[in-house]
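In: The following comprises the amino acid sequence and a computationally predicted model.
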Amino acid sequence: MAYAVDTNVIIDVIAGSSEVAKQAADTLSEHGSRAGLIISPVVYSELYAHPGWGKAEIDQFLRSTTIAIDWPMNPEVWETAGSAFCDYAQRRKQQRDGLPRRLLADFIVGAHATQVGSLITSDREFYATNFPTLPLIGLSPGV
């Protein structure tokens, strides 16, 4: 089984406080030694938003951490993401803006992780709610 990695974990490694960065790096190292680490193309794209990072920096980080990119995602990922996003939108509408606004990208990351087998994230509550059968390795937010 591989472990999918959420964008927030990578950002924690490179930009978190020393304690947060260490926890994230240790988690990636521990789980990466057991099985492969992988990101979706959505996570790869989100990394471009980190200040000062471009293709060279992203690719260097991924090489150094042996995190692979799963470029060809199958149709089931897209269907699962769409279905989970639809459920979320309906819950949000019923709660009259009671839920925080989420982007479709978050649901694609979760759907991809269901195909991979598990997700390393610091947004455990969101993924547990929207992908209840997805095994999660959660980092403590704001360690």
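Out: Now that the structure is in, tell me what you want to look at.
In: SS state for Ile14?
Out: Put simply, Ile14 is helix when judged by DSSP: H, G, I helix; E, B strand; the rest coil.
In: what pLDDT, on average, does the helix or strand where Lys22 lies get?
Out: Using DSSP states H and E, Lys22 falls within helix 18-34. Mean pLDDT, helix 18-34: 93.
In: Show me what it is packed against.
Out: strand 3-5, helix 7-15, strand 119-121 (3 or more C-beta pairs under 8 Å, 6 or more residues apart in numbering; DSSP states H and E). Bear in mind the C-beta positions are built from the backbone N, C-alpha and C, glycine included.
In: give the contact list for the closest residue to Arg34 other than its chain neighbours.
Out: Once flanking residues are discounted, Arg34 sits nearest to Tyr3: 8.0 Å by C-beta to C-beta, 6 or more residues apart in numbering. By C-beta atoms under 8 Å, 6 or more residues apart in numbering, Tyr3 lies in contact with 31-32, 34-38, 116-120, 137.
In: Mind jotting down where the helices sit in this protein?
Out: Here the chain has its helices, by DSSP state H, at 7-15, 18-34, 41-47, 55-65, 75-94, 104-116, 124-130.
In: Give me whichever of those helices is most buried.
Out: Per residue and on average, the most neighbours among the helices of the chain fall to helix 104-116, with a mean of 22 (mean count of other C-beta atoms under 10 Å).
In: for that helix, packing partners?
Out: Counting by 3+ C-beta pairs under 8 Å, 6+ apart, helix 104-116 packs on strand 3-5, helix 41-47, helix 75-94, strand 119-121, helix 124-130.
In: tilt between that helix and helix 7-15?
Out: Relative orientation of helix 104-116 and helix 7-15, computed by axes from the mean of the first three to the mean of the last three C-alpha atoms, to 10 degrees: 100 degrees.
In: Please state the offset of helix 104-116 from the chain centre?
Out: 8 Å (C-alpha atoms, centre = their mean, to the nearest Å).
In: So what touches it?
Out: 1-4, 6-7, 38, 40, 42-43, 46, 70, 73-74, 76-82, 84-85, 88, 119, 123, 126-127, 130-131, 133-134.
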